[in-house]
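Participant: Structure, please.
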Amino acid sequence: MLFSDIARTRALISAGRSGDALQTLTRIRPRIELCGDTLVRVNYRTTMCAALYRMDRFEEAMRLAADAVELATSFGPDSSEALDAMCLQGQVLAAISGIEEAKTIMGHVLAARTRLLGP
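Facilitator: Numbers count the residues shown, from 1 in each chain. Modelled structure (predicted):
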């Protein structure tokens, strides 16, 4: 159920309706906080981050991206979830002028994906 709620909000974000997505995510937050599934919590944070990023709320997005990276690395530093969260973190950093940090993060993501998937 929570995965489908999160998937619907991602569709709203893709359709340019980040405000509606943010309302939905805020509504389901209490259930997310009670959820013991780390993957659900990572997906929630990255989706919320994407909505805030699209609404130019970069500081809030940065906090959620950092939380998502920290949670996702519990799957492994080169897990798909961790790399996706790092990629999103790099995008947010680039938007708030952390260009050098963003380049470092994106370089790590690229190196990890190349190592895992091959050249």
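
Participant: nearest spatial neighbour of K103, skipping sequence neighbours?
Facilitator: By the measure of Cβ to Cβ, 6 or more residues apart in numbering, the closest residue to K103 outside its immediate chain neighbours is G90, 8.0 Å from it. Just so you know, the C-beta spots here come from the backbone N, C-alpha and C atoms, and that holds for glycine as well.

Participant: mind listing what that neighbour touches?
Facilitator: The contact partners of G90, taken as Cβ atoms under 8 Å, 6 or more residues apart in numbering, are E101, A102, K103, I105, M106, V109.

Participant: same thing with L2?
Facilitator: Residues in contact with L2, defined by Cβ under 8 Å, 6+ apart, are I28, R31, I32, C35, D37, V40, Y44.

Participant: So what would you say the end-to-end distance of stretch 27-46 is?
Facilitator: In terms of Cα to Cα, to the nearest Å, the two terminal residues of stretch 27-46 are separated by 16 Å.

Participant: residues making contact with it?
Facilitator: Judged by Cβ under 8 Å, 6+ apart, the contacts made with stretch 27-46 from elsewhere in the structure are 2-3, 5-6, 25, 64-65, 67-68, 71-72, 74-75, 81, 84-85, 88.

Participant: Would you mark the buried spots in it?
Facilitator: Residues of stretch 27-46 classed as buried under the neighbour-count rule (16 or more other Cβ atoms under 10 Å) are I28, I32, V40, R41, V42, N43, Y44, R45, T46.

Participant: For T26, see how far away M55 is.
Facilitator: Plainly put, M55 is 13 Å away from T26 if you go by Cβ to Cβ, to the nearest Å.

Participant: whoops, C49 was the one
Facilitator: 14 Å.

Participant: Not counting sequence-adjacent ones, nearest residue to S74?
Facilitator: Sequence neighbours aside, T38 is the residue nearest to S74 in space, at 5.9 Å (criterion: Cβ to Cβ, 6+ apart).

Participant: Please report how far the one you found lies from T26.
Facilitator: With distances defined as Cβ to Cβ, the gap from T38 to T26 amounts to 21 Å.
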